[in-house]
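A.B. asks: Just a sequence and a predicted model for now, questions to come.
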Amino acid sequence: LEPHYPLYQGTKLVTAPTSDLMSRELSQTAILGSGPFQRFKYPHREYPPSPISHTMESALLLTVLFASFISLGLLRRWARPTLPLPPGPQGNPIIGNMLAMSFVTPWKVFREWSNVYGDIMSLSLPGQTIVVLGSAKSALDLLEKRSDIYSDRPISVIHKLMSWEWNFGLMPYGETWREHRREFHQFFHQRKIPQYQPIQLQQTRAFLRRALDSPNDVGQHVRQIYAGTVLKIIYDKDIVDMTDEYVICAQEAMHGLSETSILGAYWMDYFPILKYMPGWVPGALGKKLVEHYKPFIREMRDKPYDEFQQKENGSVAASVASEVIERLKQRSGKSELSLADDVLARNVTGIAYGAGADTTTAASQAFLIAMSLYPDAQRKAQEEIDRVVGPDRLPEFEDLENLHYTRAIVLEAIRWMVVLPLGAYHRVTQDDEYRGFRIPKGATVFSNIWSILHNPDDYPEPEVFRPERFIKDGKVDLSIQDPSIFVFGFGRRVCPGRHLANASLLIAFASILRVFDVNPIMSEDGKTFDPHSMVSAGFVSSPEYVPCSLTPRSKDTQRLINRTCA
Ligand code: HEM
């Protein structure tokens, strides 16, 4: 062996070959040396000393195994034909489906496309793949069950320019978002909510008073319930009416967010070069909006927080702002907030109005319209409330669990006129595969919540407001698909304000129906308005007009308001 295998020069073979088989084994041993293969195969043998240490040998073996494993994986992947994207309407090779996007009620257009292409469909916009989930199953399978990879948000150029980066609802998935969400959750988890009941009751009753004194413009009066509730909870701030300086600023900022969140509406999001063009250049319209809305967006976060801090030097009632500041000071062990903690406190408090007021208002406006158009449902709820609450008082939180029909009305209201019909956009952070389709890393994925909640298989005659669909044997029955699983979004991004929203809606609806009749305001030609043709497009969809009036149900209920509502 010596001349051919110099590695083993000088090695003495101590066992003489006694058979052909033995000699073959020995020569293999000599060729392969005393490597782990041989030692595993013939552990009883004696082997020549190895020129490399055993540790190195094992490391080498592991590396070889690992490399083969990886290359096999890669080979399999290359060998496999690339999975197709989910089907969808044919787009232009450069701008994709941009021109086909609808800005009025896109959820209806997506529903029509889903009827053709299926409940998982893809669209393309320049540089972006969009995946639309049109069924409850696909939405829950991806956004809920795989939320570890579906919880990012797409980055919008226009939102960045508007300085929305402080809004954690738009932040990319990651540690900064997690820190904000954790802090926010401290104040809005289910067990914390009862603490806000006195504020919710007070704001609801103030509404009853306003509606009695000036019955016009119920839509705005309703908005004040939720604006007032959020501002009181967060900053211990009272507002007199909707002309409050902060409210106007925050409304404007939120209007800007809603308007600029329409998919495919602003070319700047797809051709960022346009941000360097003047606003009058076609396609750079977004820039004009940025210039208009930007000042309101910072102010929305900072104004009430700064005012609160000045107030804090005096005495303030407990509020989220005071608790957040205290928590962060304790966490750092310092008497002053660090710059980073100050930003965190501002961001966490600043988002609540934006996320909470418009959404709950829209749901309540839907309720008023529904009550005016479906008097039977209204009467049934009033009978139940009269029975449970009695003639001498207004509803309290303790009554709510016995108000089954009224609870069904809340469910039906959020289903019937969906507040965020397309939810919020999620972004997938790694390549994924679903039902044989490829969902590429970075794709924007969202569900058509409106379509899910207007699926006639789950909700027969979906355009009809019918709370009975959630009632069985006189109790709320959620065996029929619970709409709140969808309207509050999905997975790790699910709405953290949902418990507050539910409680606010329920006490408000019960209180309104206890004392008022809700009547439709007819159009000039004596007809009722079509509720579905008068919703605004945008991120939040709300009735543009609330054609309803409130009249006290009786002299007694009028006296009840006078007696109980400040
Ligand atoms: C009827 C009322 C409401 C509806 C329909 C609603 C719906 C939603 C939806 C669909 C999302 C997006 C979830 C997703 O990404 O899948 C969301 C996010 C959010 N909501 Fe609500 N919401 C309501 C009320 C509130 C209230 C009262 C608050 C605060 C007090 C609030 C705070 C938030 C925040 C902070 C986020 C962002 C969460 C994140 O990105 O991690 N919402 N909401």
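C.D. replies: Sure, I can see it. Numbers count the residues shown, from 1 in each chain.
A.B. asks: CA only for contacts and neighbour counts going forward, please
C.D. replies: Fine.
A.B. asks: Neighbours of residue 122, how many?
C.D. replies: 25 (other Cα atoms under 10 Å).
A.B. asks: Report the mean confidence score over stretch 457-468.
C.D. replies: Regarding stretch 457-468, the rounded mean pLDDT is 96.
A.B. asks: Could you count how many residues lie near the residue of the stretch 101-250 of the chain found nearest the ligand?
C.D. replies: Per Cα to the nearest ligand atom, residue 169 is where the stretch 101-250 of the chain lies closest to the ligand, at 3.3 Å. Neighbours of residue 169 under the rule other Cα under 10 Å: 18.
A.B. asks: try residue 398
C.D. replies: Residue 398, neighbours per other Cα under 10 Å, totals 9.
A.B. asks: So, low pLDDT: which residues of the stretch 1-150 of the chain?
C.D. replies: Where the stretch 1-150 of the chain drops to pLDDT under 70, the residues are 1-55, 57-81.
A.B. asks: which residues in the stretch 401-550 of the chain form helices?
C.D. replies: 404-416, 449-453, 484-487, 498-515 (DSSP state H, counting those that start in this stretch).
A.B. asks: got JSON lines for these, with distance to residue 459, mean neighbour count and mean pLDDT too?
C.D. replies: Putting the helices of the stretch 401-550 of the chain into JSON lines (distance: least, Cα to Cα, whole Å; neighbours: other Cα atoms under 10 Å; pLDDT from 0 to 100) gives the following:
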{"stretch": "helix 404-416", "distance to residue 459": "10", "mean neighbour count": "25", "mean pLDDT": "97"}
{"stretch": "helix 449-453", "distance to residue 459": "7", "mean neighbour count": "26", "mean pLDDT": "97"}
{"stretch": "helix 484-487", "distance to residue 459": "14", "mean neighbour count": "19", "mean pLDDT": "96"}
{"stretch": "helix 498-515", "distance to residue 459": "21", "mean neighbour count": "22", "mean pLDDT": "98"}
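A.B. asks: buried set for the top helix by length along the chain?
C.D. replies: Secondary structure of the chain per DSSP state H: the longest helix is helix 339-373. Residues of helix 339-373 classed as buried by neighbour count (16 or more other Cα atoms under 10 Å): 341, 344-373.
A.B. asks: what's the answer for stretch 146-160, then?
C.D. replies: Neighbour count says stretch 146-160 has 147, 149, 150, 151, 152, 153, 154, 155, 156, 157, 158, 159 buried, by 16+ other Cα under 10 Å.
A.B. asks: among the buried residues of helix 339-373, which are within reach of the ligand?
C.D. replies: 352, 355, 356, 359, 360, 363 (Cα under 6 Å from any ligand atom).
A.B. asks: Nearest to residue 326 among the residues you listed?
C.D. replies: residue 352 (18.4 Å; Cα to Cα).
A.B. asks: For the stretch 451-566 of the chain, just list every one of the strands.
C.D. replies: Counting by DSSP state E, counting those that start in this stretch, the stretch 451-566 of the chain has strands at residues 471-472, 475-476, 516-520, 548-552.
A.B. asks: And those: which comes nearest residue 319?
C.D. replies: Nearest to residue 319 among the strands of the stretch 451-566 of the chain is strand 516-520 (32.0 Å), distances taken as Cα to Cα.
A.B. asks: Get me the contact residues on the chain for the ligand.
C.D. replies: Residues of the chain lying near the ligand (Cα under 6 Å from any ligand atom): 168-170, 181, 352, 355-356, 359-360, 363, 419-420, 423-424, 487-490, 493-498, 500-501.
A.B. asks: and residue 162, what is it in contact with?
C.D. replies: 290, 291, 293, 294, 297 (Cα atoms under 8 Å, 6 or more residues apart in numbering).
A.B. asks: Distance-wise, check it relative to residue 298.
C.D. replies: 9 Å (Cα to Cα, to the nearest Å).
A.B. asks: rewinding a little: tell me the secondary structure for the residue of the stretch 101-250 of the chain closest to the ligand?
C.D. replies: coil (DSSP: H, G, I helix; E, B strand; the rest coil).
A.B. asks: Assumed residue 194 was part of a strand.
C.D. replies: No - assessed with three-state DSSP, residue 194 is helix; it does not lie in a strand.
A.B. asks: follow-up on the earlier one: mean pLDDT and mean neighbour count added to the strands of the stretch 451-566 of the chain, as a markdown table?
C.D. replies: Below are those laid out as a markdown table (pLDDT from 0 to 100; neighbours: other Cα atoms under 10 Å):
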| stretch | mean pLDDT | mean neighbour count |
| --- | --- | --- |
| strand 471-472 | 95 | 16 |
| strand 475-476 | 93 | 19 |
| strand 516-520 | 95 | 21 |
| strand 548-552 | 94 | 21 |
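A.B. asks: Many thanks, have a good one.
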